[in-house]
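[1] Model the following, please.
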Amino acid sequence: MNLLWARPGQVGGSEDYFVRQLLGLRELEHEFDLTAFVLPGFRDAHPELGPLRSVTAPLSGAARPARVAMEHTWLARAARRRGVRLMHHGGGTVPAVGVRPAVLTIHDLQWHEYPQYVAAVKLRYLRWATPRSIRRSAVITTPTEFVKRTVVEAYGVDPDRVIPVRHGIEPALGQHATSEAELRERYRLGSSPIVVFPAMTHPHKRHDFLVDLVAGPWRDVTLVLTGGSGSAEESLRRQIERLGVANRVVRTGRVPAADRDGLMKMAIAVAFPSQYEGFGAPALEAMALGVPLITSDRASLPEVVGNAGIVRPLDQAAWAGVLDEAVSRRHELVAAGVERVKQYSTRLSAEDLVRAYRLALG
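    Sure thing, here's the model as predicted:
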């Protein structure tokens, strides 16, 4: 498995997606002997993976061109020396040289639908590399049926070559969650009810949508934004200052998993107004942690959430009174979420992945 794209703590939900697949593979009996090719620090960042067989790259991977070059040189040689028969590329592209057959994971085609949100250099690279990578792949995996459809429609791929591999949630999620009292003190949350949005500040995540709500109908809550800095970071900061809501919008940055889980569990709701998601792992995490979920009706989110959350158009009027609904329907929504998340275990995710590997090997 090529995880050289996964800079520890820098790539968001796609890193968690693969870590959970690796956890799920340990739960199954299967014929595959897995070796993960990783960047320095990956193993330290994920002690939960235990005795994972891995090979650490000789470079940090911080510079994208160096990482891409490493896939074409070091990775190809290292894989061949170890007799690798199948290579799974998790970062959306397949190098021109290396082990075949190849399995390619395409997390989404967000850049295809919203090119304005992608840096020009990266956009040119993706437009050039994606169709070539698809041609080099025996099998393509996607996190949802939604992404499968978009890949098939955009590139004319045989649908039988595309296998959805669902996200998985580990059974232990939330068991070590930080207490509410500790979190209120650590992040200076006061005593008001909180709404949590866990996401990097990329434009398509629509942090601005929630900040506008806090400045309007959501005046009685504190909005807690967790996650790293993305390309919309500066515009979000200016918006918070302009609207005068800095005292009710708490920016935590990236937080430890225990704090993330604790913040969600203490929230009256997790809000997820994203404009585009290939899956949307925080939606699944909210359901697993027993928290009402409010989400947009865009892209894959209705598929993932089903009837276990409040799904609304990305419109201010549609969201104005939705917190009252989340509170009044809390028991119903939590129960539906607990049932829904049973379809997304790490074991089931790994079963999907093994099916893709078997197909690739014929």
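
[2] going forward, measure contacts and count neighbours with C-alpha atoms only.
    OK.

[3] what's the distance between G216 and L243?
    G216 sits at a distance of 10 Å from L243 (criterion: Cα to Cα, to the nearest Å).

[4] cool, H202 as well?
    In this structure, H202 and L243 are 20 Å apart, going by Cα to Cα.

[5] quick one, which of the two is more surrounded?
    Between H202 and L243, counted using other Cα atoms under 10 Å, H202 has the larger neighbour count: 18 against 13.

[6] How about that one, nearest residue that isn't a chain neighbour?
    Leaving aside its sequence neighbours, H202 sits nearest to G230 (Cα to Cα, 6 or more residues apart in numbering; 4.7 Å).

[7] Can you report how many residues neighbour the one you found?
    Counted with other Cα under 10 Å, G230 comes out at 13.

[8] May I have the secondary structure class of it?
    Secondary structure assignment for G230 (DSSP: H, G, I helix; E, B strand; the rest coil): coil.

[9] who are the neighbours in contact with it?
    200-203 (Cα atoms under 8 Å, 6 or more residues apart in numbering).

[10] Dump the residues you listed to TSV, plus secondary structure and distance to R77.
    Below are the contacts of G230 laid out as TSV (DSSP: H, G, I helix; E, B strand; the rest coil; distance: Cα to Cα, whole Å):
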residue	secondary structure	distance to R77
M200	coil	35
T201	coil	37
H202	coil	36
P203	helix	38
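
[11] Just give me the closest of those residues to H112.
    P203 (14.6 Å; Cα to Cα).

[12] Lowest-scoring secondary structure element of this structure by mean pLDDT?
    helix 64-72 (a mean of 87; mean pLDDT, DSSP states H and E).

[13] So Y357 sits against L104, correct?
    No - counting by Cα atoms under 8 Å, L104 is not a contact partner of Y357; they are 10.5 Å apart.

[14] More neighbours: which of these two?
    Neighbours were counted for Y357 and for L104 using other Cα under 10 Å; L104 has more, 26 against 23.

[15] Please report how far the residue nearest to H202 lies from T201.
    Per Cα to Cα, G230 is found 4 Å from T201.

[16] Which parts of stretch 69-86 count as buried, going by neighbours?
    70-71, 75-76, 78-79, 84, 86 (16 or more other Cα atoms under 10 Å).

[17] now stretch 41-48
    42-43.

[18] Spit out the contact partners of the nearest residue to R330 once chain neighbours are set aside.
    Once flanking residues are discounted, R330 sits nearest to P292: 6.0 Å by Cα to Cα, 6+ apart. P292 makes contact with 268-270, 286, 309-310, 326, 330, 333-334, 337, according to Cα under 8 Å, 6+ apart.
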